[in-house]
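>>> This is the structure alone, sequence omitted:
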């Protein structure tokens, strides 16, 4: 597979072109980083102002979506130590979290002295959700350039659950550990607007409900009675986007909290054991990894080398892929049909999940 | 009569410019071709963007035009298609010198 000679975007990535030196059009885009730098600076000023105005006087200043991975661990550390916020940290247990990541979570929240909740949806539901998300065309392909279908479904539950907590406890900020490349710079912070977003999610939600029934509403929608209680929606903020820091530096800074690098996950994750399967499905469907954009961005910023990025992409343990397929009762044959609508009758064993 | 025609031309030219720039942004930001975009259809319903894409569009508007996009403005009437977004910008952009701007 041909890849850019500077970053790692591959020939199947949307709208990619290579020049005579094998460098891609994204690397050659001179305007991109000057625009991004300005957006980061403006976001930093706005976020600090919001924190200064809202800090204190309530049970929690912010909810941190804490997966146990290195990025959200560092985000949690920043929130407590740099920004001096009163934090409720929240972990979604999707049923595939690495045991090492769970131990990391326990150690880190203890060391930082923050309140913490873990929410575990029904494992039966999560397996069905992952199975449907990876074998049906739930999401439009154009919206999956930087995320896999299963990650999209999982993060939807994280976002909705965090928003429910924020509304219930009147918390003004929800913090997540996304990096630039995972998200664009113009979404470093934004005001949540559930009703507006709900309308835009309706097609996806209806497809999921069609396959999974009303349980989808429990996990991926907010009840009207809770919405009536809200005075204002929180702001969603991605603090890591304001930091110019390498992966190695992040790991060095979170080690004193007791965090250790899990060896039981793939190269692109530091917490989730279904990630390698999610990447496998994405590559099968679209011909490129959902991590190419993020890792290429880190390369261009000098925060990761090309070899380090390639090592991450190539470290996809087959035993983890096989385990996920076994748990989800997905065969290679059903995966071959991915990208087209698969009838319910042809997906065997749905009821046995 | 002549004044009304001049007014319409100024507004038409402005909206055409806004549309061209918006389409450039959409193609660049969401990695699509211009021919993929239906001007009168929802960008979400046609799969060009997801809900996060609406935030990116709101951010683009605030960065490039002289007004703030408030929570109340974020609705299908204003963001429901490229044409609606252009009309929304035309209505609120404080730097738009069109005499018909409200």
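That came through, no problem. Computed from a predicted structure; not experimentally measured. Numbers count the residues shown, from 1 in each chain, chains lettered A, B, ... in the order given.
>>> How about the secondary structure of the residue in chain B that chain A sits nearest to?
Closest contact between chain B and chain A, by Cβ to the nearest Cβ, is at residue B:47 (3.1 Å). (Glycine included, C-beta is placed from N, CA and C.) Three-state call for residue B:47 (DSSP: H, G, I helix; E, B strand; the rest coil): coil.
>>> So what does the closest residue to it other than its chain neighbours look like in phi/psi?
In space, residue B:47 comes closest to residue A:140 once its chain neighbours are excluded; the distance is 3.1 Å by Cβ to Cβ, 6 or more residues apart in numbering or on different chains. The phi and psi values for residue A:140, taken as degrees, to the nearest 10, are phi -70, psi 140.
>>> need the contact list for residue A:140.
Neighbour list for residue A:140: B:47-48, B:50 [criterion: Cβ atoms under 8 Å, 6 or more residues apart in numbering or on different chains].
>>> need the longest helix for chain B.
helix B:2-30 (DSSP state H).
>>> tell me which strands and helices the lowest-mean-pLDDT helix or strand in chain A is in contact with?
None of the helices or strands of chain A scores lower by mean pLDDT, DSSP states H and E than helix A:332-336, at a mean of 78. Other elements packing on helix A:332-336 under the criterion 3 or more Cβ pairs under 8 Å, 6 or more residues apart in numbering or on different chains; DSSP states H and E are helix A:123-135, helix A:275-286.
>>> Out of the ones you listed, the one nearest chain B is which?
helix A:275-286 (11.9 Å).
>>> got the residues of the stretch 101-250 of chain A near chain B?
A:139-143, A:145, A:183-184, A:186-187, A:190-191, A:193, A:196-197, A:199-201, A:203-204, A:233 (Cβ under 8 Å from any Cβ of the partner chain).
>>> Residue A:145 and residue A:83, how far apart?
31 Å (Cβ to Cβ, to the nearest Å).
>>> What parts of chain B come near chain A?
So chain B meets chain A at B:29-33, B:36, B:44-45, B:47-56, B:58-60, B:63, B:71, B:74-76 (Cβ under 8 Å from any Cβ).
>>> filter those residues to the buried ones?
B:30-32, B:44, B:47-56, B:58-60, B:74 (16 or more other Cβ atoms under 10 Å in any protein chain shown).
>>> Surely residue A:152 and residue A:144 touch.
Yes. Using Cβ atoms under 8 Å, residue A:152 makes contact with residue A:144 at a distance of 7.0 Å.
>>> in what helix or strand does residue A:116 lie?
When elements are assigned from DSSP states H and E, residue A:116 belongs to strand A:115-119.
>>> Just the buried residues of that strand, please?
Using 16+ other Cβ under 10 Å as the test for burial, strand A:115-119 gives A:116, A:118-119.
>>> Out of those residues, which comes closest to chain B?
residue A:119 (21.6 Å).
>>> If that closest one is in a bridge, with which residues?
Applying DSSP bridges to residue A:119 gives these bridge partners: residue A:92.
>>> For residue B:77, which three-state class applies?
helix.
>>> That one reaches residue B:85, doesn't it?
No. Using Cβ under 8 Å, residue B:77 makes no contact with residue B:85, being 10.6 Å away.
>>> who's more crowded, the two?
residue B:85 (23 against 9; other Cβ atoms under 10 Å in any protein chain shown).
>>> Identify all contacting residues around the helix or strand containing the more buried one.
Assessed by DSSP H and E, residue B:85 sits inside helix B:82-92. With contacts defined as Cβ under 8 Å, 6+ apart, helix B:82-92 is touched by B:11, B:14-15, B:18-19, B:22-23, B:26, B:37-40, B:43, B:57, B:61, B:65, B:67, B:73, B:76-79, B:96, B:98, B:101-102.
>>> switch to 7 Å and redo it
Outside helix B:82-92, the residues within contact range by Cβ atoms under 7 Å, 6 or more residues apart in numbering or on different chains are B:11, B:14-15, B:18-19, B:22-23, B:37, B:39-40, B:57, B:61, B:65, B:67, B:77-79, B:96, B:101-102.
>>> Okay, buried residues for that helix please.
Buried, per 16+ other Cβ under 10 Å, within helix B:82-92: B:82, B:84-86, B:88-90, B:92.
>>> now that helix and helix B:2-30, what's the angle there?
120 degrees (axes from the mean of the first three to the mean of the last three Cα atoms, to 10 degrees).
>>> quick one: helix B:82-92 to chain centroid distance?
4 Å (Cα atoms, centre = their mean, to the nearest Å).
>>> list the helices and strands the lengthiest helix in chain A packs on?
The longest helix of chain A (DSSP H) is helix A:30-54. Applying 3 or more Cβ pairs under 7 Å, 6 or more residues apart in numbering or on different chains; DSSP states H and E, one finds that helix A:30-54 contacts strand A:189-191.
>>> helices and strands around the next helix or strand after the strand it packs on, which ones?
The first helix or strand that comes after strand A:189-191 along the chain, using DSSP H and E, is helix A:194-212. For helix A:194-212, the packing partners by 3+ Cβ pairs under 7 Å, 6+ apart come out as helix A:123-135, helix A:215-220, helix B:51-64.
>>> Now do helix A:194-212: everything it contacts.
A:128-129, A:132, A:136, A:138-139, A:163, A:216, A:220-222, A:227, A:233, A:344, B:44-45, B:50-51, B:54, B:74-76.
>>> tell me the angle of it relative to helix A:123-135?
90 degrees.
>>> buried sites along the helix or strand of chain B with the lowest mean pLDDT?
Within chain B, no helix or strand scores below helix B:2-30, which has a mean of 86 by mean pLDDT, DSSP H and E. The neighbour-count check on helix B:2-30 (16+ other Cβ under 10 Å) flags B:10-11, B:14-15, B:18-19, B:22-23, B:25-27, B:30 as buried.
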